[in-house]
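Novice: Give the three-dimensional model of this entry:
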Amino acid sequence: MEATPVDELQRRCAPLRAAFDRGVLRSAGARKELLRALLAAVERNEAAILEAMRLDMGKPAMEAYIAEVGVVREEIMLALHELEAWMAPERVATPLKLQVSHSAIHRNPLGLVLIIAPWNYPLLLMLAPLTSALAAGNCAVLKPSEDAPHTAALIDRLVREALPSDVVTVVHGHGHAVIPPLIEQVAFDHVYFTGSPAVGGRIAALCAPRHLACTLELGGKSPAIVDPSANLGAAVRRVLWSKLFNAGQTCVSADHALVHADLHDAFLERAVRQLKAFLGDDPQHSPDFARIVNDRRWVALHGLLQHGTIVAGGQHDRADRYIAPTVITDVPLDSPLMREEIFGPVLPVVPWRTKDELVELLRLNPRPLSAYLFARDRKLQRWFTDELPFGGGCINDTMVHFGNAHLPFGGLGPSGQGRCHGAAGFRLFSNPKGVVHANDRFDPPIRYAPYTKGKLRLLRWLFR
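Specialist: Got it, this is the predicted structure:
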């Protein structure tokens, strides 16, 4: 798509603010109408969506459907089903000192929001937050990734086909050229960004002087912990599945495997056999394995292959943007494989013996976006859920928590801030307005001057 001229950005966004001020999305009916239109457009364009993603990064149709079309459909259908309940005022308790009155939280739309999507799941990570923004009654400006150009063009067409131009508009161009002037020129009420921690930090820095709230869905080194009590076959299959899905270019993929020393060799042996079972003798010619998005990312991933001992994979083809699914061990803990998010089909396997050793390994990359535990040990499961800091995750599986729209999704500290999906996404794009509705017929004089010792004694009792 042709880049949107900088001097046109404000002109493109002005009608959205005017439409919001007119209240075009104030009612549940108006919001549902747009959500139904968006759903219909996604369903009508399913074949085109799958083809755009194949062209952008060789994404297999099944992966594109599962993680993009399917999850977006679920998000929209959940919003359609639950919208009235989400919009209803939430009654809360009123303390005795404020009687006679009742209290409620009213969730109102924020106004105009900017949604910035990445290249790895370009449809999902654009339309899922858009669904939440529309359900909450906001107008939106969308900025798709220039690194997935076919999908960006399709999103533009799909949005024009389904939604009024004064409610949602799409802008294009390189992020460093378009996003700063957008945030500087347009009075947004919220910015939603999915991408790398480095770019997320720059987005937050742009928002801070304007007191502009931002949600950052970032990434990090999400560990997969394999305990001796685990079902080893399931652990190997599910960890590798997350590494192969979209060629490992997934923010919730298992970045590395921390495998108990008693299982380490067996894990590697099974991994070699499982890779062959998934993709055959030559994964480069499998129709079920995606490609690295661009040459810059290919070079970065290729450089990681020198750190450690390759147990399986290691083949590469720059012209094809191909990095073979690779399992690697004997990895130095200070190497880039253990210090940087891999974001590709390379799996370091690191052994541990005691829980203290495991904790030290986890502290190398604290507060990841996701974490995974493979264990049947209930005590270890409780430790994982109650004591280990991470955004979200699974016990005895990988990535599937992202596919449950009823669960809030987001990071923690360096892996992000804010929560999306389902009701959490609706709340994210809403202003929770607390209101006390008082009875004007009963007006106790205790709060008014003159202040007396008797009034103070009574207030102390009321504040107990």
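Novice: Can you point out the buried residues in stretch 416-436?
Specialist: Going by neighbour count (16 or more other Cβ atoms under 10 Å), the buried part of stretch 416-436 is 416-430. No exception for glycine: its C-beta is placed from N, CA and C like everyone else's.
Novice: Okay, now the unreliable bits of the stretch 1-150 of the chain?
Specialist: 1 (pLDDT under 70).
Novice: what about the helices in it?
Specialist: In the stretch 1-150 of the chain, the segments counted as helices under DSSP state H, counting those that start in this stretch are 9-22, 28-44, 46-57, 61-64, 71-87, 124-135, 149-162.
Novice: Show me which of the buried residues of stretch 416-436 is closest to Thr385.
Specialist: Distances from Thr385 to those, taken as Cβ to Cβ, are shortest for Arg419 (17.0 Å).
Novice: still on that earlier bit, please work out which of the helices of the stretch 1-150 of the chain is packed deepest.
Specialist: Of all the helices of the stretch 1-150 of the chain, helix 124-135 carries the top mean neighbour count, a mean of 28, counting by mean count of other Cβ atoms under 10 Å.
Novice: ok but Arg237 is inside a helix, no?
Specialist: Yes: judged by DSSP: H, G, I helix; E, B strand; the rest coil, Arg237 forms part of a helix.
Novice: Neighbours of it, how many?
Specialist: By other Cβ atoms under 10 Å, 16 other residues sit near Arg237.
Novice: swap in Val100?
Specialist: 12.
Novice: ok, it to His437 distance?
Specialist: According to Cβ to Cβ, to the nearest Å, Val100 stands 10 Å off from His437.
Novice: With Pro445 instead?
Specialist: Counting by Cβ to Cβ, the gap from Pro445 to His437 is 21 Å.
Novice: Comparing these two, which residue is more hemmed in?
Specialist: Set side by side, Pro445 and His437 show more neighbours around His437, with 11 against 8, by other Cβ under 10 Å.
Novice: Just read off the phi/psi values of the more buried one.
Specialist: Here is the backbone geometry of His437 (degrees, to the nearest 10): phi -100, psi 100.
Novice: Can you tell me the closest non-neighbouring residue to Pro332?
Specialist: His307 (6.5 Å; Cβ to Cβ, 6 or more residues apart in numbering).
Novice: isn't there a helix covering Pro164?
Specialist: No: read with three-state DSSP, Pro164 is coil and lies in no helix.
Novice: For it, give me its contacts.
Specialist: Under the criterion of Cβ atoms under 8 Å, 6 or more residues apart in numbering, the neighbours of Pro164 are Ala19, Val24, Leu34.
Novice: how about the residues you listed in a markdown table, adding distance to Asp255?
Specialist: A markdown table is the format used below for the contacts of Pro164 (distance: Cβ to Cβ, whole Å):
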| residue | distance to Asp255 |
| --- | --- |
| Ala19 | 42 |
| Val24 | 43 |
| Leu34 | 37 |
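Novice: Distance to Arg297 for the helices of the stretch 1-150 of the chain - can I get that in a markdown table?
Specialist: A markdown table is the format used below for these (distance: least, Cβ to Cβ, whole Å):
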| stretch | distance to Arg297 |
| --- | --- |
| helix 9-22 | 28 |
| helix 28-44 | 27 |
| helix 46-57 | 10 |
| helix 61-64 | 18 |
| helix 71-87 | 23 |
| helix 124-135 | 17 |
| helix 149-162 | 15 |
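Novice: For Leu182, which of these is the nearest?
Specialist: Nearest to Leu182 among the helices of the stretch 1-150 of the chain is helix 9-22 (5.5 Å), distances taken as Cβ to Cβ.
Novice: who touches the closest one?
Specialist: So helix 9-22 is contacted by 4, 109, 111-112, 138-141, 164-169, 171, 178, 181-182, 185-187 (Cβ under 8 Å, 6+ apart).
Novice: one more time with 10 Å, if that's ok
Specialist: Residues outside helix 9-22 that contact it (Cβ atoms under 10 Å, 6 or more residues apart in numbering) are 4-5, 24-26, 109-114, 137-141, 164-171, 173, 178, 181-189.
Novice: right, and Val299 touches Ile292 too?
Specialist: Yes: Val299 is in contact with Ile292 according to Cβ atoms under 10 Å; the separation is 9.3 Å.
Novice: shared neighbours, the two?
Specialist: Arg318.
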